[in-house]
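Enquirer: sharing a sequence plus its predicted fold:
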Amino acid sequence: MNHLNVLFLIHSSTCVDKISPLVRIVFELNELTVTTKPSDPILLRTDFPDLELHASGKVRDVYRADSERLLFVATDRISAFDYVLASGIPEKGRVLTQLSLFWFDFLKDIVPNHLVTANVEQYPEPLKKYAAELRGRSMLVIRANMYPVECVVRGYLSGSGWKEYQQTGAVCGITLPKGMRESEKLPEPIFTPATKAASGHDENISFDEMVKHVGTVDSETLRKLSLSIYQKAADYALTKGIIIADTKFEFGQTANGVVLADEVLTPDSSRFWPADSYSPGRAQLSYDKQYVRDYLEEIHWEKKPPAPALPDQVQQNTSAKYVEAYRLLTGRELPRG
Ligand code: Q0T
């Protein structure tokens, strides 16, 4: 059957009438099960001129949906070494959105969240004309009063945590054991809040500093929630072969109390490491961005503008990693666009 399947693939773009009878049988036998996979067009930027842009990040564009709700759109943009690259990654926006939706549901017994719906048929009328672009990659969310802190949880010593530890032996005021190595698992997960600094780089702060910004009661609440969420998600992810080394949550206040907002536990808001190659004492391979980083190092990009484009093979390989992370974590195939 294999060579016939190859023939089928070769002929799949040609007119059915031109296919030889033998191959045509295979075509018909396979019709129900063979799925060709023309990916959705890569979305680098949204342009919804009649909607009010609420915020735009490296990867996401947020619009005002109505007085109480926002529209989050995950584009296919990718950043590396702090810059958004000239090329997008096929399926990336849908993977990030669908993964967030999975986690919102997975975590709903610990914390309510800002999701209203991701079903474009249920979006407010003015958004529906953009359904084709929005489907699969967007969420309608409740407008919340956002806490001005990034709630970071670290289970492993990496990134700015590793830098701070090397300089001071502590991270965000939490003293850690002496002699820890890069990427080492921490004795227990730690809450290491940060504030958005003007530089665009988040600035690590102590819990006491957080208290000054948002008060004791809310700080305690957010710390407890963040650690519970991380623990449940990281334990689960590990059973699927993925280490969630660290992650960032954002919370907001609504009429229903504190809600988990933003995107959650995606490769963009977290460090995902493949568990099977984990080895402390060095930086780890990135689950999602390793092909991109390797390519950027290979071309000796100076990590300043202009950010380069990516070869097709790097885009495809990276896309496959995002889609694989979704499949491993959820046990489901990525829903088609
Ligand atoms: C927000 C009100 O995600 C952000 O920017 C990306 C470009 C940060 N951000 C969050 C909000 C949310 C959320 N999430 C919410 N539910 N209500 N504001 C705005 N910016």
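Expert: Good, I have the coordinates. Numbers count the residues shown, from 1 in each chain.

Enquirer: which residues of the stretch 51-200 of the chain fall in helices?
Expert: 92-106, 125-128, 131-134, 159-168 (DSSP state H, counting those that start in this stretch).

Enquirer: can the longest one be said to contact the ligand?
Expert: No - counting by Cβ under 6 Å from any ligand atom, no contacts exist between helix 92-106 and the ligand, the nearest distance being 10.2 Å. Glycine gets a C-beta too; all of them are placed from N, C-alpha and C.

Enquirer: show me what that helix is in contact with.
Expert: With contact meaning Cβ atoms under 8 Å, 6 or more residues apart in numbering, helix 92-106 is reached by 40, 43, 59, 72-78, 113, 115, 118, 136-139, 232-233, 236, 260, 263-268, 318-319, 322-323, 325-326, 329-330, 334-335, 337.

Enquirer: right, so the helices of the stretch 51-200 of the chain: which one is the most enclosed?
Expert: helix 92-106 (a mean of 23; mean count of other Cβ atoms under 10 Å).

Enquirer: how far does that one sit from the chain's center?
Expert: Taking Cα atoms, centre = their mean, to the nearest Å, one finds the center of helix 92-106 at 8 Å from the center of the full chain.

Enquirer: could you do stretch 57-69 as well?
Expert: 17 Å.

Enquirer: wait, residue 78 sits on residue 289?
Expert: Yes - using Cβ atoms under 8 Å, residue 78 makes contact with residue 289 at a distance of 7.4 Å.

Enquirer: more neighbours: which of the two?
Expert: Taking neighbours as other Cβ atoms under 10 Å, residue 78 and residue 289 compare with residue 78 leading, 26 against 22.

Enquirer: with adjacent residues omitted, what lies nearest to that one?
Expert: residue 89 (4.9 Å; Cβ to Cβ, 6 or more residues apart in numbering).

Enquirer: you'd agree the one you found is up against residue 316?
Expert: No - Residue 89 is beyond contact range of residue 316, at 9.0 Å (criterion: Cβ under 8 Å).

Enquirer: the more surrounded of those two?
Expert: Using other Cβ under 10 Å as the criterion, residue 89 and residue 316 rank with residue 89 on top: 28 against 14.
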